[in-house]
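Peer 1: Sharing a model prediction with you, sequence too.
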Amino acid sequence: MVEFGGDLEITYVMGGLAREFGDPTPLVMSWLEDAASSGMPVDPRIWSADAPRSSYPACIAFRAAAEQGRDAAERYLRALREGIMCHRRKLDGPEALVEEARRAGLDVKRFRIDLESNAILEGFGADLEETRALGEVRLPTLRFLADDGGERRATGADGYEAWRAAAVAAGATPGSGSPPDVVAALLRFGRMATPELAAVCDLPGPRAGAEVWRLASEWRVTRVPVLFGELWEGGAGPANGGH
C-alpha cells in the first residue's frame, strides 16, 4: 500500500487453514522454509506444547474485529500473526482472542459481542466457500482483480516482486512518492521485522538492518527478540528499558 497508495483496495478473505490441526510437522517445516527464504522471524516451538487446536477461531475473531473498521481489522490481524507465529500464544479460545483485541487497541466490549454473533460466523462461512471455489491454493494467496475482470495471483511465499508484478499486470499503477524512513514506517505500521522495513523503506541488502540498529543505539526504536530474528517498534528510551 505504500507503493501503490489508493490504486489498490484490499479485501480480506479468511481461508481457514485448518478446522483441526493434525501432525504439525509439515506446518513447522513450511514455517522454517518460509523464514529461511524471507528472513522473517518465527518461533515454531508453539507446536511442541499447548498448540492451538484450530485456526478457525482466529479467523472468526478477525471477522469480529473488522466490525470496528479497516484499521482495527488490520491491527488485529497483525496481532494474531505475531501472537501465534512469534510469541507462541495459543489463540484458539475466546479469552485469548479477547486479550489480543485489547493489545490491538480495539473496543473490547464490542468485540466480545461481535465474537458471539451469528452474522460473524456466517461471514466466515462465506469466506470458506469463496476460498474453496478457487480450487487448491496455498494460503495466503493474493488475488489481483482488474477492472476488466482479469485476475492475477501470487502466494505469500512468492515475495514482494512477484506481488508487485501481479498488481501491475492487473492494472495497478505504482505511485511516484518517496518511501518513508524507518521511524515513519514504524509510526504508520507499528511493529515490523527487518525484511518488512527493507521493503517498505526501499533499503536493500544490509542497509535496513544497519539503519534500524543505529536507531536502536540512539534509543529511538526498541528491539523485540524473536527466535530466528527480531521485530522493531518505535518509541524506545532508557526509561522503558530500551532494547
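Peer 2: Alright, I've got the coordinates.

Peer 1: Disregarding residues adjacent in the polypeptide, which is nearest to Val200?
Peer 2: Ala185 (4.9 Å; C-beta to C-beta, 6 or more residues apart in numbering). All C-beta spots, glycine's among them, are computed from the backbone N, C-alpha and C.

Peer 1: State the helix or strand in which the one you found lies.
Peer 2: helix 182-189 (DSSP states H and E).

Peer 1: now do Glu230
Peer 2: Secondary structure (DSSP H and E) places Glu230 in strand 229-234.

Peer 1: Centre of the chain to that strand, how far?
Peer 2: 14 Å (C-alpha atoms, centre = their mean, to the nearest Å).

Peer 1: and what of stretch 96-114?
Peer 2: The answer for stretch 96-114 is 17 Å, by C-alpha atoms, centre = their mean.

Peer 1: quick one: average confidence on it?
Peer 2: The average of the pLDDT scores along stretch 96-114 is 98.

Peer 1: is it true that Ile84 touches Ile46?
Peer 2: Yes. Assessed by C-beta atoms under 8 Å, Ile84 is found in contact with Ile46 at 6.6 Å.

Peer 1: Need the overlap of contacts for these two.
Peer 2: Shared contacts of Ile84 and Ile46, defined by C-beta atoms under 8 Å, 6 or more residues apart in numbering, comprise Pro52.

Peer 1: quick one: the spatially most central residue of the chain and Glu100, what's the gap?
Peer 2: Centroid check for the chain by C-alpha atoms, centre = their mean gives Arg78 as the closest residue, at 4.4 Å. Here Arg78 is placed at a distance of 10 Å from Glu100 (C-beta to C-beta, to the nearest Å).
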